[in-house]
Structures are given as structure tokens and as C-alpha cells.
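A.B. asks: Here you go, sequence then predicted model.
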Amino acid sequence: MRDLWSGPVHYTIQGVGVRAGRWSSPGHGQVKVTPVATQTLTVHQRAARSTVALKVLMAVTGIFLILFLLMHAWGNLKAFFGPEAYDHYAEWLKSDILYPLVPKGWFIWIFRVFLVACIVGHMASAYVLTLRSRAARGSYQRKDRRAQTFSARTMRWGGIILLMLLLFHLGQFTLKWFLTGFTASSTPYESVVLTFQQWYMVLLYALFVGTVCIHIRHGIWSALTTLGANTSRVARRNLNVTAIAVSALLFVGFMVMPVAVLFGGIK
Ligand code: HEM
């Protein structure tokens, strides 16, 4: 039997490994305990950190973000109904939605926290899954990726470029740090109209929205596959059609307004 008094002892308490160093001489009433990380996790911890759980997290957060984009593109179309309609919509988003369930003005902040949580959850799971996939492949990294679609091959870099453009977008219209033709006191309607009267801004947004849509085209496929919809050849065809249709809808939905401004349809 192991001699408890002479060598280090290894305990596991609630998934955290604890290595007990040598007992200082018994009788002094002191025990030297050095916590060390081990691989031992509880069943619940293992489930929460499993690759499947991370993929589900990525799929679900991605779907929420797509729903936000569909709503955002729809809201932008209000510009076709004039400045009052567009500015009223922008104001309404920050006013008393869900009041009196939540105090006036709170909805937008709850919504923002939720959006940021989705973006962070989505990126963190992508990062961990990438590291795991690289570690699992070891020296057998795949070099020839021609079998994948362009969307699939550009998910990581596309995601990073997308984040940069999103930060610029928020700095421009929400925080008003980058004043692209408008002033800090311009209304939301004036801000977008004055911005998109410049062709290079329309081009930049075509790049932004295009990157979003390329990312989403593979994202929808991937998310629905994770959630169990990729079960047959017909199901795969339907997935493909859905992915292409939603991303095309988003591209047209977002870009129709800037293009209309550029060509004088919205003034
Ligand atoms: C032509 C395309 C787009 C236009 C014209 C546009 C316009 C705007 C405007 C005017 C605002 C500020 C609303 C306000 O504070 O009153 C805004 C906010 C925002 N946009 Fe966009 N947007 C476009 C595309 C996108 C895309 C592709 C994304 C995401 C990838 C995005 C994400 C956001 C987010 C997260 C906010 C902040 C919402 C908040 O205030 O909490 N937008 N957008």
C-alpha cells in the first residue's frame, strides 16, 4: 500500500486536481497542498466543453446574428419612405420597446449585450474548435482544399475581416467617430444619405456586406448541419438552396438603399 507519509498524493476535488505535497511532520498540524491543473473533469464540465457543445454554441449564436442582420436590412429599407420614417424607426429602437416589462430605454441595451454575447460566443467557439482541429490533425494538415467552396475556405479570414469592417461601421454610424460626409449632430437618415452619395463608400459597403454574405453562405450550411438537418442528398440540396437564398437576400436587402442613394433615388 502507498505510504501516505512519504510521497506526494494526488486528490481530485470537483474536477480540479490537487496534489498534496509531503506532509510536514505530523504533529505540527500543517499540510502543504499545491493545487495543479489536471485533465479530470466532472461529467457536466466535460459535456459543456465538448466539441459538439462548442459547435452547437457556434451554430446557435450564428443563427441569432443572421436574424439580427435580416431585421437590420429590413429596417434600413425605411429610408425609401423618407427621413421621418427612417429616423422614427431609429428612435423607436432606443425608446420604450417592451415597456413596462423593462424600463424605458433599456431594451436597446439588453439587445446590445445579447448581440455582443453572441459575437463573443461565436468567435470564442470558432477559436477553440480551430485549435482542436489543428491539434487533432498534427502533421497531417490538409493542403489541398479545392474540394471546399470559396465560402468554406474563407471562414476564418473572412470572419476577421468582417469584424474589422463591423468595428468601422459602429465607429461610423453608432459612435460617430468616423464622420464620412456628415456631422456628429446629423440624424441617422442624413448620416446614411450623405455617406452613400460617395461612390467609394458604396464600394466599401459592398465589400462589407459581400464579406458578411460569403461568411453566412457557408455558416448557414454548417449551422444547420450541426443541428442535424444534413441527413440526405435532398436535405443537402435544400440546405444549399437556403444558404444561397438567405445570403443573396441579405446582400440585395442591404445594398439596395446605398445604391439608390448613389443614383439619386433617395435624397
Ligand atoms: C448597407 C448596409 C448597412 C447600413 C446602411 C447600416 C446602417 C446602420 C446605421 C445607420 C446604424 C446606426 C443606427 C442608430 O444608432 O441610429 C447601424 C447600426 C448597427 N449596424 Fe448597421 N448598417 C449596414 C450593415 C450592417 C451589417 C452588414 C452589420 C453586421 C455585420 C451591421 C451591424 C450593425 C450593428 C451591430 C449596429 C449597432 C446597433 C445598435 O445600436 O445597437 N450593419 N447600422
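C.D. replies: Looks like it arrived, so ask away.
A.B. asks: So for the helix ranked longest in the chain, what gets flagged as buried?
C.D. replies: Using DSSP state H, we find that the single longest helix of the chain is helix 106-137. By neighbour count with 16 or more other C-beta atoms under 10 Å, helix 106-137 contains the buried residues 107, 118-119, 121-122, 125-126. Where C-beta positions appear, they are placed from N, C-alpha and C, glycine not excepted.
A.B. asks: from those residues, which is closest to the ligand?
C.D. replies: Nearest to the ligand among these, counting by C-beta to the nearest ligand atom, is residue 119 at 8.5 Å.
A.B. asks: With adjacent residues omitted, what lies nearest to that closest one?
C.D. replies: residue 65 (7.0 Å; C-beta to C-beta, 6 or more residues apart in numbering).
A.B. asks: would you list the buried residues of helix 106-137 in TSV and tack on pLDDT?
C.D. replies: As requested, the buried residues of helix 106-137 are arranged in TSV below (pLDDT from 0 to 100):
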residue	pLDDT
107	96
118	98
119	96
121	97
122	95
125	96
126	93
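A.B. asks: so who does the closest residue to residue 251 other than its chain neighbours touch?
C.D. replies: With C-beta to C-beta, 6+ apart as the measure, residue 213 is the residue that lies nearest to residue 251, at 4.6 Å, once sequence neighbours are left out. With contact taken as C-beta atoms under 8 Å, 6 or more residues apart in numbering, residue 213 is in contact with 247-248, 250-251.
A.B. asks: do residue 248 as well
C.D. replies: residue 213.
A.B. asks: hmm, try it at 10 Å
C.D. replies: Contacts for residue 248 were tallied using C-beta atoms under 10 Å, 6 or more residues apart in numbering; they are 213, 217.
A.B. asks: Relative to residue 159, how far out is it?
C.D. replies: Taking C-beta to C-beta, to the nearest Å as the measure, residue 248 and residue 159 are separated by 20 Å.
A.B. asks: that older thread, which secondary structure element contains the residue nearest to residue 251?
C.D. replies: Counting by DSSP states H and E, the secondary-structure element that holds residue 213 is helix 199-226.
A.B. asks: Could you tell me which residues of the stretch 1-150 of the chain lie near the ligand?
C.D. replies: Counting by C-beta under 6 Å from any ligand atom, the residues of the stretch 1-150 of the chain lying close to the ligand are 69, 72, 76, 90, 108, 112, 115.
A.B. asks: So residue 176, which state does it fall into?
C.D. replies: Following DSSP: H, G, I helix; E, B strand; the rest coil, residue 176 is assigned to coil.
A.B. asks: returning to that earlier point: may I ask which two of the residues of the stretch 1-150 of the chain next to the ligand are separated the most?
C.D. replies: Between all members of these, the longest pairwise span (C-beta to C-beta) is found for 76 and 112 and amounts to 18.0 Å.
A.B. asks: about what we covered before: would you pull up how far the following helix or strand past the helix holding residue 213 lies from the middle of the chain?
C.D. replies: Tracing the chain C-terminally past helix 199-226 and defining elements by DSSP H and E, one meets helix 233-262 next. The gap between where helix 233-262 is centred and where its chain is centred comes out at 19 Å by C-alpha atoms, centre = their mean, to the nearest Å.
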